[in-house]
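Just the structure for this:
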Amino acid sequence: MPQKFYKEFKKLMEKYLDKIDDSVESFKNAIVYFNSMRTGEARKELAKSMNAEKEADELRRKMIYLLEEADISPELKEDFFHLIKRIEVVADYVKEAASSLTIIPYLEVPIELREGYEKMINKVYKASKKVCEAVRVLLD
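Numbering: from 1, shown residues only. As a prediction, the model looks like this:
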């Protein structure tokens, strides 16, 4: 694999993973704030989450462009494309959920469900951290 390509791709992927982390963490914080009746802070976190996802999307486009232009084997390109696509699924789900929470009256949801959402997003957050960590190890 050409060193220049790898160095640039790794740099973009690191930034991309940071933005995914930021998006998921902000979404998690929003749920915690909503459940604590701190709606103003929750809405700020939702906005941060969606903004981080937009930035991640721009980085994803740059990685795809870099892959399209790279002089590497088709198999390796395909592997990188699939990796990016799988990570993007997490970002898309968080973005969609954050967008939905800006519309629905979250505090009208029964407390049992809200507590369940908080437990679930904590697990998603931990899983997302592990995935990002695994990708970083893969690229080293």
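
Only alpha carbons, please: show stretch 17-32 as CSV.
Extracted C-alpha coordinates of stretch 17-32, given in CSV (Å, rounded to 0.1, in the frame of the first residue of the first chain):
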residue,chain,number,x,y,z
LEU,A,17,-13.8,8.3,14.2
ASP,A,18,-13.4,11.3,16.6
LYS,A,19,-16.5,12.9,15.0
ILE,A,20,-18.5,9.7,15.3
ASP,A,21,-17.4,9.5,19.0
ASP,A,22,-18.5,13.1,19.5
SER,A,23,-21.8,12.5,17.8
VAL,A,24,-22.7,9.5,19.9
GLU,A,25,-21.4,11.1,23.2
SER,A,26,-23.4,14.2,22.6
PHE,A,27,-26.5,12.1,21.9
LYS,A,28,-26.0,10.2,25.1
ASN,A,29,-25.6,13.4,27.0
ALA,A,30,-28.8,14.7,25.5
ILE,A,31,-30.7,11.7,26.8
VAL,A,32,-29.3,12.1,30.2
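
Enumerate every residue touching residue 27.
45-46, 49, 94, 97-98, 121 (Cβ atoms under 8 Å, 6 or more residues apart in numbering). C-betas here are computed from N, CA, C, even on glycine.

pLDDT-wise, which helix or strand of the protein ranks last?
In the chain, no helix or strand scores lower on mean pLDDT, DSSP states H and E than helix 74-101, which sits at a mean of 90.

Please name the nearest non-neighbouring residue to residue 101.
residue 46 (5.8 Å; Cβ to Cβ, 6 or more residues apart in numbering).

Tell me the confidence at that neighbour?
Residue 46 carries a pLDDT value of 94.

now for the least confident helix or strand of the chain, which elements pack on it?
If contacts are counted by 3 or more Cβ pairs under 8 Å, 6 or more residues apart in numbering; DSSP states H and E, helix 74-101 sits against helix 3-35, helix 39-69, helix 111-139.

and the second one, what does it pack onto?
What that stands for is helix 39-69. helix 3-35, helix 74-101.
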